[in-house]
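# Everything below, folded, please.
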Amino acid sequence: MLPVVNPAVVFRALSDGAVLFSTTDEVYFGLNSVGAKIWQLLPPTNRTLDELCAALLKEYPEVAPDTIRSDVTELLEELTVHGLVLPRETETAAAEESAPRARYSAEVDGAQASRAL
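The predicted structure follows:
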């Protein structure tokens, strides 16, 4: 499963690649043109590493599939270390934390009880 873009990161395409800016750490990260393409192919565009690599192979048919896969994996590891992408589970957990919580309310032995679910 591919990591997802950290919502605190700003992406700006440039003529020869892109720059990422982490608004939480105030860190800039430069990408070459292939790195920028990989960034743009992250979810929701592609859901798996296989899908992303297949899309790159169509654009760069002269590159061996194993080379594409290892280069993509290396970049994703580096982006993860810098907090620019998040593991998919983190995205789900963050969405659940920010979602409004339902409240449960009931009367028990004449007393009102309520709690967040």
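
# use CA for all of it now, contacts and neighbours both
OK.

# Surely Thr24 is in contact with Ala8?
Yes: contact criterion Cα atoms under 8 Å: Thr24 and Ala8 qualify, at 6.4 Å.

# The two: which has the busier surroundings?
Per other Cα atoms under 10 Å, whichever of Thr24 and Ala8 has more neighbours is Ala8, with 14 against 9.

# List the contacts of the more buried one.
Contact partners of Ala8, counting by Cα atoms under 8 Å, 6 or more residues apart in numbering, are Ser22, Thr23, Thr24, Leu84.

# by contact count, what packs against the helix ranked longest in the chain?
In the chain, with assignment by DSSP state H, the single longest helix is helix 65-81. Contact here means 3 or more Cα pairs under 8 Å, 6 or more residues apart in numbering; DSSP states H and E; on that basis helix 65-81 packs against helix 49-59, strand 85-86.

# State the mean pLDDT of the shortest one.
When you say that, I think you mean strand 85-86. Averaged over strand 85-86, pLDDT sits at 96.

# Since that was my last question, I'll sign off now.
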